[in-house]
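Trainee: got a sequence here, can you model it:
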Amino acid sequence: MPDFIMPSGFILLRVIGAFCLFTFSYFLFINEKVERKDVFRLAICAIFGVAINQLFFFEGLNLTTPINASIVMTVNPILVILLSFLITKESITLRKIFGILLGFFGASILILKAGSIDFSSSHETGNLFVLINASSYGVYLVLVKPLIKKYHPITVLFYVFGFGLLYVAPFGFQDLSNVKWKIIPSNIYFEIGFVVVCTTFIAYLLNSSALKQLNPTTVSIYIYLQPVLASLFAIFWGADSLDNQKIIAAVLIFLGVYLVSTRSLEKSKEKLS
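Mentor: This next block holds a predicted model:
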């Protein structure tokens, strides 16, 4: 991507695309009114959930290695459980801690199998940016939970990406203006579309829908499934093979997700009944 679009410009493009999709969905299907006091809260959520989260991740990824970024991102559920305790007084149970640790070790095994971690001084800034990104998204999950319970997820995301566009535009406008669209290969356009539609619009919508039923800690731990799914896709396409190490890592991750999520699902069912 940096050969065609710089990180900040790409983030602006991503936010513009997602905002257009959420705007279309909001006015066509929802058109829900939001209380004035909640507009300010949505603006705060946009700072952590869109601006800091996305800008720091892409800038960080540009300055460090994918292995480093993946390892640093595994601290997200740990940060979420601490933030949930500090901000919303969500209880920290031994079951949650054990489940998160199992997921962390399982994800680390899979990620490190793809290469070695490198925390040398040349990657310090990039690693720090990715850590800020992980922390920011953790704050977002905790802050947005009450709003998701109150409004439709599309309503919340329409406002979050609307404010997010205002925050991101000053950083990405120049980079996006300098893009030479004619020299971009067709496969890059496909990748841009995939990021906008699948990993932004659909991913944020599904995460928000999950938050309506589950607590932020439960939603965040599913990040540990990413390396499992990546391995499965690689095996399916013949780019990787299955071995005992991958099986053990997958078992640890699924067990960790189970320990953290089952209790929350039981509580959600009790509330609905």
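
Trainee: closest to the centroid, which residue in the chain?
Mentor: Centroid-nearest residue in the chain: residue 137, 6.6 Å away (criterion: C-alpha atoms, centre = their mean).

Trainee: confidence score at that residue?
Mentor: The confidence metric pLDDT takes the value 91 at residue 137.

Trainee: same check on residue 270?
Mentor: In this model, residue 270 carries a pLDDT of 52.

Trainee: and what of residue 119?
Mentor: Residue 119 is assigned a predicted lDDT (pLDDT) of 61.

Trainee: what's the spacing between residue 199 and residue 221?
Mentor: Computed as C-beta to C-beta, to the nearest Å, the residue 199 to residue 221 distance reads 19 Å. The C-beta positions use only the backbone N, C-alpha and C, and glycine is treated the same way.

Trainee: give me the more crowded residue out of those two.
Mentor: Neighbour tally, residue 199 and residue 221, criterion other C-beta atoms under 10 Å: the higher count belongs to residue 221, 30 against 12.

Trainee: what about that one, helix or strand, and which?
Mentor: Residue 221 is located in helix 216-221, with elements delineated by DSSP states H and E.

Trainee: who touches that helix?
Mentor: Residues outside helix 216-221 that contact it (C-beta atoms under 8 Å, 6 or more residues apart in numbering): 76-77, 80-81, 83-84, 90, 96, 99-100, 103, 138, 141-142, 145, 207, 210-211, 256-257, 260-261, 264.

Trainee: what about stretch 143-158, how long is it end to end?
Mentor: Stretch 143-158 has an end-to-end distance of 16 Å (C-alpha to C-alpha, to the nearest Å).

Trainee: who touches that stretch?
Mentor: 19, 22-23, 25-26, 29-30, 32, 34, 38, 41-42, 44-45, 48-49, 87-88, 160, 204-205, 208-209, 211-212, 215-216.

Trainee: what about it, distance to the chain center?
Mentor: Here stretch 143-158 is found 16 Å from its chain centre; the criterion is C-alpha atoms, centre = their mean, to the nearest Å.

Trainee: quick check: mean pLDDT of that stretch?
Mentor: 96.

Trainee: and the strands in the stretch 101-250 of the chain?
Mentor: Counting by DSSP state E, counting those that start in this stretch, one finds no strands in the stretch 101-250 of the chain.

Trainee: low-scoring stretches of it, by residue?
Mentor: Residue ranges of the stretch 101-250 of the chain with pLDDT under 70: 114-121, 239-240.

Trainee: need the helices for it, in chain order.
Mentor: Assigned by DSSP state H, counting those that start in this stretch, the stretch 101-250 of the chain shows helices spanning 124-150, 153-177, 186-196, 203-211, 216-221, 225-236, 244-272.

Trainee: which one of these is the most hemmed in?
Mentor: Highest mean neighbour count of the helices of the stretch 101-250 of the chain: helix 216-221, a mean of 27 (counted as mean count of other C-beta atoms under 10 Å).

Trainee: pull it out as CSV, backbone CA atoms only.
Mentor: Extracted in CSV, the C-alpha atoms of helix 216-221 (Å, rounded to 0.1, in the frame of the first residue of the first chain):
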residue,chain,number,x,y,z
PRO,A,216,-16.6,-5.6,26.1
THR,A,217,-14.2,-8.2,27.5
THR,A,218,-16.0,-11.0,25.8
VAL,A,219,-16.1,-9.2,22.4
SER,A,220,-12.4,-8.3,22.7
ILE,A,221,-11.2,-11.9,23.3
